[in-house]
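[1] could you work out the structure for the sequence below:
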Amino acid sequence: MIDQDQQKISHHDNFPDFSTLGFRFMACAADYQEAEVILFGAPWDGTASFRPGSRFGPAAMRLDSLSLETFSPYQNKELVTGKVCDIGDLELPMGGRAPSLAKIRSTVRQILTDGKKPVMIGGEHLVSLPAVTACHLQFPQLCVLHFDAHADLREEYLGETLSHATVMRRIWDELGDGRIWQFGIRSGTVEEFAFARDGHVAMRTFDCGSLADAVSAIGGRPVYLSIDLDVLDPSVFPGTGTPEPGGLSFQTLLDSLLQLSGLQIVAADLVELSPPYDTGGISTAVALKILRELLILI
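    Model prediction:
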């Protein structure tokens with residue numbers, strides 16, 4: 001992976017020029033310098049092992065967000081126009097894993113250096129790894145909250161150690177024991193579940209029942225929140241690359257997110273929306289509503 005952490009990134013030269021990119025997400029049109037939260041897309045699905053297409057997620061969410069109100073009746077709050085800046089999608093080479101991951105990492109690093117919170121729209125789940133790595137440099141006590149159908153704890157997948165199927169194992173390599181809490185997990189290998197049982201990560205299978213315990217254990221430590229949308233049941237969210245029956249309802253996921261309001265969330269991502277597999281747009285509508293609530297939450 002190319003290390004660009006020491007290279008100063010100019011907002012104007014390296015962040016996308018949104019005048020050529022079309023719609024922003026909802027009301028996220030604040031000036032970069034004034035914004036508290038920076039939203040950007042990482043449209044990359046280079047290791048998708050079943051059904052690719054999550055590269056189209058960020059664009060679909062921006063377009064469909066035109067149909068959504070900025071007010072959240074769930075939190076009784078507005079997505080304030082002056083708080084979030086959507087800088088668009090990073091330009092990532094579809095076949096270039098190392099340069100893509102390096103660009104995500106350097107972008108997150110710059111946003112954090114500027115004193116702001118990055119929120120990333122994927123893309124497949126491997127895009128979370130460079131974002132977490134950048135956050136760990138800034139926050140040595142970083143913890144990760146992970147909502148997903150899949151454990152993503154494989155040591156390797158088809159001979160590859162960098163994959164959407166290995167992303168949480170690589171994040172564990174970065175953070176170590178006692179830093180990762182997983183919820184909604186209902187798919188994985190025998191070895192992955194054994195890895196969790198051995199105490200390396202705190203895994204809650206099938207639901208989010210122990211979330212309050214995780215919030216208590218994390219306390220005031222900084223948190224990276226990663227939401228793989230396939231944690232939702234396919235009846236709610238069919239538009240994803242690897243759907244897994246038996247998942248969460250929309251309301252259960254939303255209620256779980258609202259339980260995180262007291263945490264110090266320093267960065268977040270929302271990944272694995274694949275619009276081509278839900279031509280009715282239901283999955284995109286679910287994803288953008290979760291994103292609205294997430295932006296208001298942090």
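
[2] secondary structure class of Phe56, three-state.
    helix (DSSP: H, G, I helix; E, B strand; the rest coil).

[3] how many other residues sit next to it?
    Counted with other CB atoms under 10 Å, residues neighbouring Phe56 total 18. Every C-beta, even on glycine, is put in place using the N, C-alpha and C of the backbone.

[4] same question, Thr81
    Thr81 has 12 nearby residues by other CB under 10 Å.

[5] same check, this time on Leu90
    So Leu90, with other CB under 10 Å, has 22 neighbours.

[6] with the one 3 residues further on instead?
    Other residues near Pro93 come to 12 when the count uses other CB under 10 Å.

[7] and it, how far from Asp45?
    Computed as CB to CB, to the nearest Å, the Pro93 to Asp45 distance reads 12 Å.

[8] can you check Arg51 too?
    From Arg51 to Asp45 the distance is 9 Å (CB to CB).

[9] neighbour count winner among these two?
    Asp45 (26 against 15).

[10] surely that one touches Arg97?
    No: counting by CB atoms under 8 Å, Asp45 stays clear of Arg97, with 11.0 Å between them.

[11] which residues do those two both contact?
    The overlap between the contact sets of Asp45 and Arg97 (CB atoms under 8 Å, 6 or more residues apart in numbering) is empty.

[12] report pLDDT for Lys117.
    pLDDT for Lys117: 98.

[13] which residue, other than its chain neighbours, is closest to it?
    Spatial nearest neighbour of Lys117, chain neighbours left out: Val37 (4.8 Å); criterion: CB to CB, 6 or more residues apart in numbering.

[14] residue contacts, that neighbour?
    83-85, 116-119, 295, 298.

[15] the residue nearest to Pro275 when sequence neighbours are not counted: neighbour count?
    Once flanking residues are discounted, Pro275 sits nearest to Ala60: 4.2 Å by CB to CB, 6+ apart. For Ala60, the neighbour count with other CB under 10 Å is 23.

[16] roughly how far does Ala60 sit from Gly53?
    10 Å.

[17] where along the stretch 51-200 of the chain do the strands fall?
    For the stretch 51-200 of the chain, the strands defined by DSSP state E, counting those that start in this stretch cover 71-72, 77-78, 84-89, 117-122, 143-147, 180-185.

[18] mind putting those in JSON lines, mean neighbour count and distance to Glu191 included?
    Shown next, in JSON lines, are the strands of the stretch 51-200 of the chain (neighbours: other CB atoms under 10 Å; distance: least, CB to CB, whole Å):
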{"stretch": "strand 71-72", "mean neighbour count": "16", "distance to Glu191": "41"}
{"stretch": "strand 77-78", "mean neighbour count": "13", "distance to Glu191": "43"}
{"stretch": "strand 84-89", "mean neighbour count": "24", "distance to Glu191": "35"}
{"stretch": "strand 117-122", "mean neighbour count": "25", "distance to Glu191": "25"}
{"stretch": "strand 143-147", "mean neighbour count": "24", "distance to Glu191": "18"}
{"stretch": "strand 180-185", "mean neighbour count": "25", "distance to Glu191": "14"}
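
[19] Leu270: which of these is closest?
    Closest to Leu270 of the strands of the stretch 51-200 of the chain is strand 117-122 (CB to CB; 5.6 Å).

[20] what lines up beside the closest one in the sheet?
    Taking DSSP bridges as the criterion, strand 117-122 pairs within the sheet with strand 37-42 (parallel), strand 264-271 (parallel).

[21] would you confirm that Ala30 contacts Lys116?
    No: Ala30 lies out of contact with Lys116 (CB under 8 Å); the separation is 10.4 Å.

[22] any stretches of the chain with poor pLDDT?
    1-22 (pLDDT under 70).

[23] run the last query once more with 80
    1-23, 46-47, 49-50, 81-82, 94-95 (pLDDT under 80).

[24] that one: helices as residue ranges?
    For the chain, the helices defined by DSSP state H cover 11-14, 57-64, 97-113, 128-138, 167-175, 190-197, 211-218, 250-258, 282-297.

[25] picking up where we left off before, format the strands paired with strand 117-122 as TSV; extra columns: distance to Ser226.
    Shown next, in TSV, are those (distance: least, CB to CB, whole Å):
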stretch	distance to Ser226
strand 37-42	12
strand 264-271	5
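
[26] from the ones you listed, which stretch is densest packed?
    Comparing the strands paired with strand 117-122 by mean neighbour count (mean count of other CB atoms under 10 Å), strand 37-42 comes out on top with a mean of 25.
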